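Participant: got a structure for you, letters missing:
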């Protein structure tokens with residue numbers, strides 16, 4: 001069980017919910033990192049008294065310094081600050097809740113120090129999953145997934161004695177705000193439409209990814225890496241109620257599912273307390289009052305980002321890094337109202353076609369594929 005914690009991305013949705021869980025646990029917070037939300041970070045420092053804090057920019061770090069008393073923690077900024085927080089000596093667990101490829105190097109740094117990773121940064125596994133898993137094994141470090149779907153699979157696999165017993169894993173998907181809509185209707189949706197997720201409160205980037213179903217495609221790749229499964233053993237079903245968080249089917253026909261209310265504090269806490277379970281501030285699931293549970297197949301014609309991610313999963317290598325980097329930039333442009341909804345998959349595919357493919361890439365080649373893909377999207 002976690003004793004001392006570092007949180008990368010403490011002012012975001014997952015970071016804030018992690019701190020809510022920590023309020024109920026005997027866990028010390030030693031390091032916090034954030035983007036540019038100085039006000040929220042100042043509040044967190046006042047409550048949790050970390051030894052080290054890092055902000056994304058120098059300006060944000062200096063603004064935070066002015067807000068805090070002379071006895072303030074050490075304040076860093078940029079990637080150096082993220083790396084310092086990830087590798088800080090006292091922490092036995094690091095929650096990686098930053099969004100995007102920025103989480104890769106800090107995750108590797110923490111794993112090299114043998115720390116437990118509470119993984120909420122799926123891009124790390126999408127772009128460099130094999131390298132991440134090799135680093136974890138080499139240093140005896142645990143990776144406990146925080147995403148609700150992968151936490152569900154993790155929990156269902158507790159009932160298995162080996163991967164040879166697993167027939168497939170089934171990721172559930174809410175379908176986002178546009179479930180059931182046609183391509184013609186989706187051609188005109190706006191940024192605000194995409195940010196109206198029916199079940200979860202999340203950051204803007206992941207919410208748009210849920211609207212395009214790219215998020216589920218990324219999770220397919222993440223499941224392949226985390227559980228060392230080929231793409232044909234990872235399936236997806238639309239489950240609008242977000243109560244069944246994912247399932248595992250075994251070779252004998254038995255199927256295990258993890259159910260619960262849509263509250264991220266449940267998988268976050270398990271990542272901190274595993275292998276133990278303790279009381280959680282989240283509400284329990286009342287089976288007598290929950291709605292009927294429905295399931296449907298995703299439509300890759302209406303949601304081409306899902307099909308693109310599936311194709312990248314089959315191709316492997318740098319294709320996943322190029323796809324992810326392009327998607328990050330395309331979603332940012334969509335959020336700025338520079339492009340339309342279906343421009344996202346078009347630009348992602350264009351970048352993947354333009355970036356040279358490497359089958360067994362090094363870390364440097366992964367980062368280069370990410371850089372090149374971003375450049376393609378930025379120029380179009």
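Facilitator: Done, it's in. Nothing here was measured: the structure is a model prediction, and the numbers come from that model.
Participant: would you map the strands across the stretch 1-150 of the chain?
Facilitator: Shown for the stretch 1-150 of the chain, the strands assigned by DSSP state E, counting those that start in this stretch span residues 4-8, 28-33, 52-55, 74-77, 93-96, 116-119, 143-145.
Participant: check which helices and strands the shortest one is in contact with.
Facilitator: Read it as strand 143-145. Contact analysis of strand 143-145 by 3 or more C-beta pairs under 8 Å, 6 or more residues apart in numbering; DSSP states H and E lists strand 116-119, helix 122-138, helix 148-156, helix 214-227, helix 265-273 as its packing neighbours. (Each C-beta comes from the backbone N, C-alpha and C, glycine too.)
Participant: change it to 6 Å
Facilitator: Strand 143-145 makes packing contacts with strand 116-119 when contacts are defined by 3 or more C-beta pairs under 6 Å, 6 or more residues apart in numbering; DSSP states H and E.
Participant: so what strands line up beside the strand it packs on?
Facilitator: Taking DSSP bridges as the criterion, strand 116-119 pairs within the sheet with strand 93-96 (parallel), strand 143-145 (parallel).
Participant: before we move on, the earlier item: how about the strands of the stretch 1-150 of the chain in CSV, adding mean pLDDT?
Facilitator: Shown next, in CSV, are the strands of the stretch 1-150 of the chain (pLDDT from 0 to 100):
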stretch, mean pLDDT
strand 4-8, 98
strand 28-33, 98
strand 52-55, 98
strand 74-77, 96
strand 93-96, 98
strand 116-119, 97
strand 143-145, 97
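Participant: closest one to residue 45 among those?
Facilitator: Nearest to residue 45 among the strands of the stretch 1-150 of the chain is strand 52-55; the distance by C-beta to C-beta comes to 6.1 Å.
Participant: these two touch, right, residue 325 and residue 370?
Facilitator: Yes - counting by C-beta atoms under 6 Å, residue 325 does reach residue 370; the two are 3.8 Å apart.
Participant: returning to what we had before: would TSV of the strands paired with strand 116-119 with mean neighbour count and distance to residue 269 be doable?
Facilitator: Listed next are these as TSV, based on neighbours: other C-beta atoms under 10 Å; distance: least, C-beta to C-beta, whole Å:
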stretch	mean neighbour count	distance to residue 269
strand 93-96	28	11
strand 143-145	24	11
